[in-house]
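Participant: Need coordinates for the below:
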Amino acid sequence: MPTLTIDGQEITVEPGTTVLQACEDVGVEIPRFCYHERLSIAGNCRMCLVEMERAPKPIASCAMPAGDGMVIHTNTESVKKAREGVMEFLLINHPLDCPICDQGGECDLQDQSMAFGRDVSRYDENKRAVADKDMGPLIGTIMTRCIHCTRCIRFTEEVAGVPDMGALYRGENMQITSYLEKVVDSEVSGNVIDLCPVGALTSKPYAFTARSWELSKTESIDVMDAVGSNIRVDARGNAVMRILPRLHDGVNEEWISDKTRFCYDGLKKRRLDRPYVRKGKKLVAASWNEAFTAIQKGLKGIDGKAIAGIAGDLADMESMYAFKDLLAGLGASRVECRADGADIDPSNRAAYLLNGGFEALEDADLVVLVGCNPRNEATLLNVRLRKMVRHQGTRVVNIGNAVDLTYKTDELGDNLRLLGDIADGTHPLAAELRAAKKPVLLVGQGALTRGDGAAVLAAVYAIADGYCQRDGWVGYGMVHAAAARVGGLDLGLTTKGGIDAILDDVEAGKVSAVFNLGADEFDSSALANAFTVYIGTHGDEGVRNADVILPAAAYSEKSGTYINMEGRVQRTARAVFPPGDAREDWKIFRALSEVIGTRLPYDTLEALRAALVKAVPATQTLDAVPSADWKPFGKLGAIKEAGVAPYCDNLYMTNPITRASDILADVVAARFGGADGDAEQSGETGTNG
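Facilitator: Model prediction:
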């Protein structure tokens, strides 16, 4: 390993380490614009110049590998003069937009010009101007500010896998563009806003709405999918102004999806901000006491066995635990969290987790996708898979719909019956799995919602158990799309026959009352035949046939526990308060229990979480990837000849928050030629919008 000296400090580094990285290891700050830890090295801004003994001129530290015996100086007069010169050239054509630039206050160019630049300008000529580009409804462009660092180009090419951006012309005339000025067709395109070190690429929806120093910043967790991306929610007053990623190498690295970043306007549109009670055919605003009284009357004479509960995809574990306890107090035991009808066995945790976690997945040399489209269902998992293919040559095999995942996949066809051939060793893939060092099977929800999901799981278990288990390596994982799914399964919120059995019993008159905890991803028309109580945040599908509506808090308005697809326990934090009369779900159930059933035994969030830990011990340990006992799962049976239907047709319209978002509706219109039908619905009780 090379040993070098930096400003008099001797350091030994790993082979391949750059001089810039070595300087950071000893605590020396090196300015940079083009260099980024997760992108390839461009070496074109020259801001990171340092002096190396026996070198004829300053070197670009980001592009120079550390060598044995190097002597580096970072604070000499020649280095200072070189950096001032570079900064002077960068500012020659840069407009004086700081007072009106959205990047003001958090701009790398501002910071570095103060720390490493000159205090006067010697340039008297006219500045050049560059026409702005149209990159769609998310990315605003003021290209005169661009300093040609090319971070955005490298991100879209290397991380997003969508080569929509590039550079035209040369030298001072160079322009960053999307070529034909079309929308950047990527579900992670918003990350170029964070990467841009100046104000050339900014958030178009956020433009001119707030300054960074006006915002309160809250570290939280995303619930738009089951990845559990770490985010920062920036709010002013009681309004969420923007959502940014937080660094977490084990989960989302430093990226987030566009759905996560731009759903925030859906948090205040079409919100339920007061209780409603149905009188005749119309929902009428009511007080909490009136709503509770209506529920009490509606449940009068109904046996507990005729009461059922459905938990939605965005529910936190505290809410689901209190929900289950409330229904138990009424004598009801049928509570279902699988609103999509997926046939998942909750008794075996290894069956529904991504065993080993995202970081361990990167060690895989062969990945088999079964009925899974991670680009739509778990965007940041797909980014990680692309990284594996690009950097390690990981082979990805797809069984199911042939879709563009932004990396090369070997398609085996849309017929899950071949899983049986792989399991018994007659398919060529069996030999490849046996020969691979660390193979992984990833099964998606599309394969489990066809009616033969248990048989598919049994076949997948046979393959994973026979070919993918070795030396402590568990080569199996389930890819979820709902943030609440793993937590609901851990709580045992499943019933025989799933949600279809509940809806069938409603139509048959066997179920007379249904409590709906924010479940909007199924056809609720059958609930018109039962007394229905909806507890949720938006006027979406769930309110259409509700008799009583209780307004709840969204994920940005409460502290809630979520378990992602790895089994990692994380918590959201309250960034703003719920609108109007809306309250946290568990508080609603606690108050309601005194009126209609057995009083719930917890008055504080701490007491509720203590009870939750007893029910699900895994919730005691935060931010750790658990290990689950490997044992058989699924039920042997015939697998249908039919193909796998797409589980998620429109990744931008997957829950009430995204469907209420005008920003995401604009994205759908720009990328797919028209807004999804759900995005257009107004709902019966949408308010506050």
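Participant: give the contact list for the nearest residue to L503 once chain neighbours are set aside.
Facilitator: The shortest distance from L503 to any non-neighbouring residue, by Cβ to Cβ, 6 or more residues apart in numbering, is to A526 (4.4 Å). The C-beta positions use only the backbone N, C-alpha and C, and glycine is treated the same way. A526 sits next to 503, 506-507 when contact means Cβ atoms under 8 Å, 6 or more residues apart in numbering.
Participant: Strands along the stretch 101-250 of the chain, start to end?
Facilitator: With DSSP state E, counting those that start in this stretch as the criterion, the stretch 101-250 of the chain has strands at 139-141, 166-168, 175-177, 201-203, 216-221, 230-236, 239-245.
Participant: List the pairing partners of the fourth one within its sheet, with orientation.
Facilitator: This points to strand 201-203. Pairing partners of strand 201-203, with direction, according to DSSP bridges: strand 139-141 (antiparallel).
Participant: pLDDT of the partner strand, averaged?
Facilitator: Taken as a whole, strand 139-141 carries a mean pLDDT of 96.
Participant: Chain neighbours aside, what residue packs nearest to R232?
Facilitator: Closest to R232 by Cβ to Cβ, 6+ apart is L244, at 4.7 Å.
Participant: Sorry, slip of the keys, the one I care about is R590.
Facilitator: Computed as Cβ to Cβ, 6+ apart, the closest residue to R590 that is not its neighbour in sequence is L600, at 4.9 Å.
Participant: Wait, a helix at that neighbour?
Facilitator: No: counting by DSSP: H, G, I helix; E, B strand; the rest coil, L600 falls outside a helix, being coil.
Participant: Surely it is in contact with F323?
Facilitator: No: judged on Cβ atoms under 8 Å, L600 makes no contact with F323 at a distance of 10.3 Å.
Participant: so what's in contact with those two at the same time?
Facilitator: Joint contacts of L600 and F323 (Cβ under 8 Å, 6+ apart) are F589.
Participant: Looking at the two, which one has more neighbours?
Facilitator: Taking neighbours as other Cβ atoms under 10 Å, L600 and F323 compare with F323 leading, 27 against 22.
Participant: Locate the more buried one within the secondary structure: which element?
Facilitator: helix 317-329 (DSSP states H and E).
Participant: pLDDT below threshold where in the stretch 151-300 of the chain?
Facilitator: Judged against pLDDT under 70, the stretch 151-300 of the chain has no low-scoring part.
Participant: the helices in it, which residues?
Facilitator: 151-154, 191-195, 258-262, 288-299 (DSSP state H, counting those that start in this stretch).
Participant: Strands along the stretch 551-689 of the chain, start to end?
Facilitator: Under DSSP E, counting those that start in this stretch, the stretch 551-689 of the chain gives strands at 561-563, 569-571.
Participant: and E51, which of the ones you listed is closest to it?
Facilitator: E51 lies closest to strand 569-571 among the strands of the stretch 551-689 of the chain, at 45.0 Å (Cβ to Cβ).
Participant: Please identify the pairing partners of that closest one and their relative orientation?
Facilitator: strand 561-563 (antiparallel).
Participant: Quote the end-to-end distance of stretch 26-41.
Facilitator: Separation of the first and last residues of stretch 26-41 by Cα to Cα, to the nearest Å is 21 Å.
Participant: Please renumber the chain so that the first residue is 682 from this point on.
Facilitator: Got it, the first residue is 682 from now on, which makes the last one we talked about stretch 707-722.
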